[in-house]
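Q: Kindly generate the corresponding structure for this input.
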Amino acid sequence: MADFTLTLEQKIKNEWLDEYKHLNIQFYLKLFNDAWVNLLLKSGRTLDEDNIGVVASRVLMAYRSEVKVGEAIEIWSGFTGLESQYITVKQKLTVDGKTRATCDARLYAFNLTSRKQSQFTADFLETASKFRIAGAEDYFDENPE
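A: Take a look at the predicted model:
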């Protein structure tokens, strides 16, 4: 088990702001999505390996403080749940080391041909376990031990 892993670095762009000059929610989700894709790549999974992709079934984002245009953000990610049918990713968006937003996402294995739920390989789950966050609980776990 590890700690969070850096999965995205980005500068906030003016066109991402909403009418109130806040970072629009769609861009928070886009940034977190890009970061969890990068986590999958870092854990050795290509985006269509075995014709299996992921589909986000549950996403909880929490805003803590404003992110401004031009700020350099980092998104740190890791796994809190690794099961054959789903994985759970925990993320934090930081600026200068301070958390500005968080995201927890449950991602299900999805067969890209049949368009139905599928399973991750044991090899992927073993490699991904190196990116499991030590001591972190799966936010979506309905049956914690």
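
Q: quick one: low-confidence parts of this structure?
A: For the chain, the stretches with pLDDT under 70 are 1, 47-49, 143-145.

Q: The longest helix along it - contacts with which helices or strands?
A: What stands out as the longest helix in the chain, according to DSSP state H, is helix 25-42. Using 3 or more Cβ pairs under 8 Å, 6 or more residues apart in numbering; DSSP states H and E, the elements in contact with helix 25-42 are strand 5-11, strand 52-63, strand 72-82, strand 86-95, strand 98-111. For glycine as for every other residue, the C-beta is placed from the backbone atoms N, C-alpha and C.

Q: Return the set of buried residues in the last one.
A: Right, the one you point to is strand 98-111. 100, 101, 102, 103, 104, 105, 106, 107, 108, 109, 110 (16 or more other Cβ atoms under 10 Å).

Q: swap in the third one?
A: Within strand 72-82, the residues that qualify as buried are 73, 74, 75, 76, 77, 78, 79, 80, 81, 82, counting by 16+ other Cβ under 10 Å.

Q: Please apply the same query to the shortest one.
A: Judged by neighbour count (16+ other Cβ under 10 Å), strand 5-11 contains these buried residues: 5, 7, 8, 10.

Q: Would you quantify the distance from the last one to residue 71?
A: If you measure residue 10 against residue 71 using Cβ to Cβ, to the nearest Å, the figure is 9 Å.
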